[in-house]
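**Q** Need a 3D model of the following:
(chains A, B, C and D)
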There are 4 protein chains.
Amino acid sequence: MMTFGRIFKVSVFGESHGLAVGVVIDGVPAGLAISAEDFKADLDRRRSGAPGTTPRKEADAPEFLSGVFEGHTTGSPLTIVFRNCDTRPEDYASFRKEPRPGHADYVADIKFGGFNDPRGGGHFSGRLTLPVVAAGVVAKKFLAAALEDQFSIETSLKELGGSADPEAWDGLIAAAAAEGDSLGGVVECCVGWLPVGLGEPFWDSVESLVSHAVFAIPGVRGIEFGDGFAAAAMKGSEHNDPFPLTPSKNGAGGVNGGITNGNPLVFRVAFKPASSIRKGGVPGRHDVCIALRAPVVVEAVTSIVLADFLRLI
Amino acid sequence: MMTFGRIFKVSVFGESHGLAVGVVIDGVPAGLAISAEDFKADLDRRRSGAPGTTPRKEADAPEFLSGVFEGHTTGSPLTIVFRNCDTRPEDYASFRKEPRPGHADYVADIKFGGFNDPRGGGHFSGRLTLPVVAAGVVAKKFLAAALEDQFSIETSLKELGGSADPEAWDGLIAAAAAEGDSLGGVVECCVGWLPVGLGEPFWDSVESLVSHAVFAIPGVRGIEFGDGFAAAAMKGSEHNDPFPLTPSKNGAGGVNGGITNGNPLVFRVAFKPASSIRKGGVPGRHDVCIALRAPVVVEAVTSIVLADFLRLI
Amino acid sequence: MMTFGRIFKVSVFGESHGLAVGVVIDGVPAGLAISAEDFKADLDRRRSGAPGTTPRKEADAPEFLSGVFEGHTTGSPLTIVFRNCDTRPEDYASFRKEPRPGHADYVADIKFGGFNDPRGGGHFSGRLTLPVVAAGVVAKKFLAAALEDQFSIETSLKELGGSADPEAWDGLIAAAAAEGDSLGGVVECCVGWLPVGLGEPFWDSVESLVSHAVFAIPGVRGIEFGDGFAAAAMKGSEHNDPFPLTPSKNGAGGVNGGITNGNPLVFRVAFKPASSIRKGGVPGRHDVCIALRAPVVVEAVTSIVLADFLRLI
Amino acid sequence: MMTFGRIFKVSVFGESHGLAVGVVIDGVPAGLAISAEDFKADLDRRRSGAPGTTPRKEADAPEFLSGVFEGHTTGSPLTIVFRNCDTRPEDYASFRKEPRPGHADYVADIKFGGFNDPRGGGHFSGRLTLPVVAAGVVAKKFLAAALEDQFSIETSLKELGGSADPEAWDGLIAAAAAEGDSLGGVVECCVGWLPVGLGEPFWDSVESLVSHAVFAIPGVRGIEFGDGFAAAAMKGSEHNDPFPLTPSKNGAGGVNGGITNGNPLVFRVAFKPASSIRKGGVPGRHDVCIALRAPVVVEAVTSIVLADFLRLI
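**A** Next comes the predicted model:
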C-alpha cells in the first residue's frame, strides 16, 4: 500500500522519470505555520552533488497543492509535489529486458505484468524518498509544537565502507568511485525528550512501526535498537537498564514492552552498497554510497512514526 | 492496535494471569481443514519445561470459539482461546510499586494511568505469543494450500549466549541459571518456494511487514535480512546477487525493492537476555533464555505476514 | 471485515448455533468502571420473549475474557463472550439445499464454497447483534465519561407494520403471527449534547460512518438524517437551518458538511419485515417483527461510531 | 480520513479555491488502458452550465501525475490533478465571520480552530466530487475489464423538486431560480451483472460500504436499497424475493445478508436542496439543484466501492 500511518497518514506517489513525485499527508493538525523555507534544510541534506552521490540535478522545489492557507496548515490533506526535471529515461531503456542486479527491475516486471514504469526504477526509485523527507519536515514541525520544542532528533552516518573513522571516508569513496564500485554504511538515529507512553502493546510497538517505516527506504538491510545484536551475547544483568533510567545506560534504546520509557530512542540502520555500479555494467548517474544521503530519510520516517503515535494518545 | 494485517488480520487479546489469552483471525479462506491436532507440534515447540525455560505449566489446549464447522474453516472470523490455569498472581503483587528493570511494568503503569493489569506483565506478557503461534499454524495451513504444498519455513536458534556452537549451550544455560542470570540468542528464519512478487512498493515492503511483526515479539532487539549488517561493510560488487538468482548467493535475503524475488526469504532476529532475573531481585518462575522458545514465534509471525501478502495478490 | 472503527475498534465473531458469539474491543480507554450489571439493561432491551419476538431463550450472560481488572478497563483489548446454549441446529439442516428467501443462506453458500456454517444463518445471524449491544454499552460508558455525563441517546420504534400509532401495534403483531407472516418498522435515534466538530470531511462524515454501521444490522433497508427523503421535495428556504441553530429546526439532523453542528444527531432507520415466515414455509423459532428488538442495536452501533469519532479528536 | 477503500483505495485532496483538487488511487491493477479521453464523458456529466447549475466554468482537464505509463496503469499509485482556474475567492471573504446556513463554514471553523480554508467551502466544497468522478472512471474501467464487459451501471435523476415528471422539471427550476431558491431531488442507481458474493458479513456489507461512500457526497440526506423505506410497511410475504431470483421482484435491491445475490444492485439517494440561495442572502455563483449534477457522482462512488469489493475476493 502507498499509505503509512493510522492518524498522521502519509501517502507517496510518483516515478523517478515520470512527471512528478509527491506526498499527501492526512491527519496534520490545523494551525501549524509552514512555508517552503521550512523544507530547505532537510531537502538539502538529501540532495545529491557531494562526492559519492549522483550528479543528477533536480531543483527539488516543493509545490503545495492543498492543505495550506495563509501560511498555516488547514487540517485538510496536505499535498506536496516535486516535478521531475532532469530526467534521462533513455539511460534505462534496456532494463526491461536485462534487469539490473540488486534492483527491483525484475520483480516489478513480474509483479505488474510488464506494465510498470521501468525508467530509473519507476515507483521503486530512491527518488520517492524526496516527498518522504518533505513529510518528515511536517512531522517534525508537529512534534516540536506538540512537545513544546523539547523534541530533538539527530541522525547521522556512523560507518561508511566498514569504517567508523569519518576522516577515512573521502578516501574510501574516491577509491570505490575509481573502481566503479559502491559502499554501504550504518546510520544512527537518536530521539530525545519523548514522553513516556508512546507506542502500543504487541503489534504496534515503537520498534515495530519504526522498523516498518525504515525498511521502506530503499537499500536497508538491518535495524537494531539500543544494544541491538550485541544484546544477544549479553547477560540479563549486563543488558537490563536499572531504574531510575538514565541515557548513559540505555540498552533498551528507550523502549520497554514496545512503549517509550523516557530515555532517548536510539537505533541503527544498515544500508547496503548501492546496487547500480559501473563495475556491474550499469550505465547512468548513480550514488557511490546511498548511505551518505540516507540520514535525513531515516529521520523523516522516524518523525512520521512518532507523529502518528503522538496523535493516537 | 491489537490487530495486524490487511486481509489476513490477526487480533490478539488477553493477559498473563487473567482468564485467557486468545486470537481472532479474520480473512481466513473458507475450506481449510483444521483440527486441534494440527496445533500440537507448534504449541509444543513454544512450550516451557526444557532446561532454560520457566517451570510454569499450562495445558495450552486451543478452544475454537468460532469460524470452524465440521472440521473446516468457514470463512468467518476464527477465534481460538487458551484458558490460563497455572497462574500465581501473588508473585507479582509488588510490581506496581516497584517496576522490574527491562519490563513494561513502568511504561504500562504510566500509559494506562495505573489501570493496567500488572500481574505477570498483563497484556505485555510473553504469554500473548501463545495465540500468535496458533494463528501462525492457520497461516501456514493456508500458505501450504495456496502454494500447493511447496511452501517451506524453517526457523531455529543459531546463537545462544554469544555462542554458535549448540553443544556448548547446555553448559551456558546451567551456568547462567546457577547465577540467577539470563542469556540472549539469535534466531534465523528461512522461507522457501515463495512466488516472485509478494510485497508492495515502499511502505509495505516484505522487510517492513516482517520486521513490524517480529518486533511485536517481546525481547527482540534487532533484525537483518540477507547479508544484513555485514552488507554495510561490503562493496556493491560483493553484495549484489547476479541474475539468474540462486540460493547460494542470496545477499538480498530473497527480496528486491521490497518484493520477493524467488530466492529464499532469509533473516535473523536478535533476542535480548530475559529481563526477569533472580540476580536482579525478581521473584517468580522465569526463562533463563527466552530465545529457546522464540523460533516458533518468529515462524508464526512470518507466516502471518506472508499469508496476508498472498491474500493481497 | 469483521472489524469496525479506527481507534475504538470493534470486532465481532461467532455463529448462531456454534459455541459462542463475542466481541473484541480495542482502543477502550483505561479506567472505565465496568461490571456485568452495566450490561443488563441493554441486553434486556434486545432480549426476545415479548410478543412478536422469537421464543428462543438464551441467558445472554457476558463473560469478560480480557481487558478488565479490578472492575475497570485496563486499556488492553476488551473481550466479551456469550455462550450459545439454546441451540437447535436440526431446525436448519435443510437450508444448505434449499435456501430461505430473504436470507443469506444462498449467498453464503456461494461466497464460501459451501463451507459456511449454515445453522441458523451461522455468522449472518441476528444473534451477532448481541455482542454488538455489549460493545455499545462500553461505548456509551466512554461517551458519558468523556462528555461529562451530558451525553444522551434515545432510540425507539416509531412505526410498526406501517402504523405510527403504538396502541395499534399489539393487534398488528397478533394478526401477523396468526397468519405466519412478519412486519417491518422504523426506528428513530436521537443523540444529544454532542460537541461541535465530530466527524471528518468527505469520506468519513458522521452520516457515512453511522450509515456504515447501521447497515451492518441485519434487515435494514434505508436510513435518513434530519428531514431525510422529505428534504428532496423541499426548497432550500424551507430546509436550511438558520443560525443560531436550535433543536426545534433541525433539517440537517445535527450534521453540516459531515461534521456535528451542536444540534441533536437525528436519524431514522427502516427495517424490513423478518424474512423467516411460516407462511413462506420456514420452520424454526422466529421474530414476527425484528424491529421490536432493533432500537438497542441501532443505539449500540451509533454509540460505537461516536466513541470512535471522539477518540480521533 | 481522506482515504476510502481497503485495496482499491481512493484519497482526495484540495480546496475549492486553492491551487487544485485531486485524487490518488492505490490498488489499481496494472495494465488498464487509460487516456484523458476516457474521462471526458463522465466529467461532462458532472460539469456545470446547464440550467439549474452554477455558471462557474472550469476546464476540468485531468493531469496524470503518476501511475500511468505508455497509456496503461502501472500498478503504482495513480494521481490525477485538476487545477482550479475560475476562482473568485473575494465572493467568500465574509463567510468566516458569518457562516452560511446549511454549510460547513461554522463547523469547519470550530473543528480546525479557524485555520480551515474558508474560500468556497474549502475542502468541504462540492468541487471535491470532481476528482471522485475521475476515480470512478478508473473504477469502472477495472470493473468492466474484470467482469468481461458485462458490468453495467445506470444512474439518473428520478425526482426533482418533489416531481417524478421530467417534463415538469425545467419549469420548476426556472421558478426556483427566479425566487433565488433551490430544489432537491432523488437519484437512482442500478448496477447489473454483478457476481454473487461481493460484500462481507456484518460490518462491511455492500449496503454499509455503498452508503458510507454515498454520504460522503455533499447534500445527501438519505439512502434506501430495494424496497427501501416502503419495506418497513410491508409484510414478509410481500417483501421476500423468492428463489430463483429475478430482477422483476427485487425487494432486497440485489443484496442478502450484505452480500450481492446476482440480482441488480438498486438504491435511491435523497439530495437536499442546495444550501446557497440568494433568498438566504448568499452571494456567489450557485447551483439551483445540485441533484442535477449528482448522478455521475453517485455512480462514481458506487463504482469505487464495487472495485474494492472485487479486489478483495
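**Q** On the three-state scheme, the residue lying closest to A:V305 once chain neighbours are set aside is what?
**A** When the adjacent residues along the chain are set aside, A:V305 lies closest to A:L209, with 4.6 Å between them (Cβ to Cβ, 6 or more residues apart in numbering or on different chains). C-betas here are computed from N, CA, C, even on glycine. Secondary structure assignment for A:L209 (DSSP: H, G, I helix; E, B strand; the rest coil): helix.
**Q** in whatever helix or strand A:R45 lives in, what's buried?
**A** With the criterion set as DSSP states H and E, the secondary-structure element containing A:R45 is helix A:37-46. Along helix A:37-46, the positions that meet the burial threshold by neighbour count (16 or more other Cβ atoms under 10 Å in any protein chain shown) are A:38-39, A:42-43, A:45-46.
**Q** For the stretch 51-200 of chain A, which segments count as strands?
**A** For the stretch 51-200 of chain A, the strands defined by DSSP state E, counting those that start in this stretch occupy A:63-66, A:68-69, A:72-73, A:78-83, A:152-160, A:185-192.
**Q** Kindly reformat the ones you listed as JSON lines containing mean neighbour count.
**A** Conversion of those to JSON lines gives the following (neighbours: other Cβ atoms under 10 Å in any protein chain shown):
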{"stretch": "strand A:63-66", "mean neighbour count": "21"}
{"stretch": "strand A:68-69", "mean neighbour count": "24"}
{"stretch": "strand A:72-73", "mean neighbour count": "22"}
{"stretch": "strand A:78-83", "mean neighbour count": "24"}
{"stretch": "strand A:152-160", "mean neighbour count": "19"}
{"stretch": "strand A:185-192", "mean neighbour count": "22"}
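**Q** Flag every residue of chain A that's near chain C.
**A** Selection of chain A residues close to chain C by Cβ under 8 Å from any Cβ of the partner chain yields A:6-7, A:76, A:201, A:312.
**Q** ok, and which of those reach chain B?
**A** A:6, A:201.
**Q** Between the residues of chain A next to chain C, which sits nearest D:F115?
**A** Closest approach to D:F115 among these (Cβ to Cβ): A:S76, at 9.8 Å.
**Q** Now the phi/psi pair for the closest one, please.
**A** When quoted as degrees, to the nearest 10, the phi and psi of A:S76 stand at phi -100, psi 170.
**Q** Could I get the pLDDT score of it?
**A** pLDDT, A:S76: 96.
**Q** what does A:D44 give?
**A** Reading off the per-residue confidence, A:D44 sits at a pLDDT of 94.
**Q** any idea where the helices of chain A begin and end?
**A** In chain A, the helices defined using DSSP state H lie at A:37-46, A:105-111, A:129-146, A:166-179, A:206-214, A:236-239, A:295-312.
**Q** separation between A:L172 and A:G180?
**A** As for A:L172, its distance to A:G180 is 14 Å (criterion: Cβ to Cβ, to the nearest Å).
**Q** which residues sit in contact with A:Y106?
**A** Contacts here follow Cβ atoms under 8 Å, 6 or more residues apart in numbering or on different chains; on that basis A:Y106 touches A:99, B:196, B:243, B:256, B:261.
**Q** of these, closest to D:V282?
**A** Once Cβ to Cβ is applied, the member of these that ends up nearest D:V282 is B:N256, at 57.1 Å.
**Q** hang on, isn't that closest one packed against A:D109?
**A** No. With contacts defined as Cβ atoms under 8 Å, B:N256 does not count as touching A:D109, sitting 11.0 Å away.
**Q** quick one, which of those two is more surrounded?
**A** The residue with more neighbours, out of B:N256 and A:D109 and counting by other Cβ atoms under 10 Å in any protein chain shown, is B:N256; that gives 30 against 19.
**Q** How confident was the prediction at that one?
**A** B:N256 carries a pLDDT score of 97 in this model.
**Q** Please apply the same query to A:E90.
**A** The score at A:E90 is 66. That number is its pLDDT.
**Q** can you check A:G219 too?
**A** Per-residue confidence for A:G219 comes out at a pLDDT of 97.
**Q** burial measure for it, as a count.
**A** The number of residues packed around A:G219, counting by other Cβ under 10 Å, is 25.
**Q** Nearest to chain B: which residue in the stretch 101-250 of chain A?
**A** The nearest approach of the stretch 101-250 of chain A to chain B comes at A:A104, 2.4 Å away (Cβ to the nearest Cβ).
**Q** which residues touch that residue?
**A** Contacts for A:A104 (Cβ under 8 Å, 6+ apart) come out as A:121, A:124, B:201, B:256-259.
**Q** try 6 Å
**A** Residues in contact with A:A104 (Cβ atoms under 6 Å, 6 or more residues apart in numbering or on different chains) are A:124, B:256-257.
**Q** and the residue nearest to A:E58 when sequence neighbours are not counted, how many residues sit next to it?
**A** Spatial nearest neighbour of A:E58, chain neighbours left out: A:D86 (5.5 Å); criterion: Cβ to Cβ, 6+ apart. Here the number of neighbours of A:D86 (other Cβ under 10 Å) works out to 11.
**Q** What pLDDT is listed against A:D86?
**A** Confidence at A:D86, expressed as pLDDT, is 75.
**Q** Quick check on it: phi, psi?
**A** The phi/psi pair for A:D86 (degrees, to the nearest 10) is phi -90, psi 70.
**Q** Surely it and A:P55 touch.
**A** No. Between A:D86 and A:P55 no contact is recorded; they are 9.3 Å apart, counting by Cβ atoms under 6 Å.
**Q** count of neighbours near A:S11?
**A** For A:S11, the number of neighbouring residues by other Cβ under 10 Å comes to 29.
**Q** tell me which residues form a beta bridge with it?
**A** Note on A:S11: beta-bridge partners A:T3, A:V24, judged by DSSP bridges.
**Q** so what's it up against?
**A** Neighbouring residues of A:S11 by Cβ under 6 Å, 6+ apart: A:2-3, A:24, D:11, D:24.
**Q** Format those residues as TSV; extra columns: pLDDT and distance to D:V288.
**A** Below are the contacts of A:S11 laid out as TSV (pLDDT from 0 to 100; distance: Cβ to Cβ, whole Å):
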residue	pLDDT	distance to D:V288
A:M2	82	39
A:T3	91	38
A:V24	97	34
D:S11	97	31
D:V24	97	33
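**Q** which of those lies closest to D:G226?
**A** Each of these was checked against D:G226 using Cβ to Cβ; the closest is D:S11, at 31.2 Å.
**Q** returning to what we had before: report the contact partners of the residue nearest to A:E58.
**A** Contacts of A:D86 were listed using Cβ under 6 Å, 6+ apart, and they are A:56-58.
**Q** Now list the buried members of these.
**A** Listed as buried from those are A:56, A:58; burial here means 16+ other Cβ under 10 Å.
**Q** ok, the contacts of A:D86 vs chain B, which is closest?
**A** Among the contacts of A:D86, and counting by Cβ to the nearest Cβ, the member closest to chain B is A:R56, at 18.1 Å.
**Q** Show the contacting residues for the residue lying farthest from the centre of chain A.
**A** Residue distances from the centre of chain A (Cα atoms, centre = their mean) peak at A:S237, which lies 34.3 Å from the mean C-alpha position. With contact taken as Cβ under 6 Å, 6+ apart, A:S237 is in contact with B:181, B:279.
**Q** 8 Å - rerun?
**A** In this structure, A:S237 makes contact with B:179, B:181-182, B:277, B:279-280, judged by Cβ under 8 Å, 6+ apart.
**Q** Just put the residues you listed in TSV and tack on neighbour count, distance to chain A and pLDDT.
**A** As requested, those are exported to TSV (neighbours: other Cβ atoms under 10 Å in any protein chain shown; distance: Cβ to the nearest Cβ, whole Å; pLDDT from 0 to 100):
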residue	neighbour count	distance to chain A	pLDDT
B:E179	15	8	94
B:D181	20	5	95
B:S182	33	4	96
B:I277	24	4	90
B:K279	14	5	85
B:G280	17	6	74
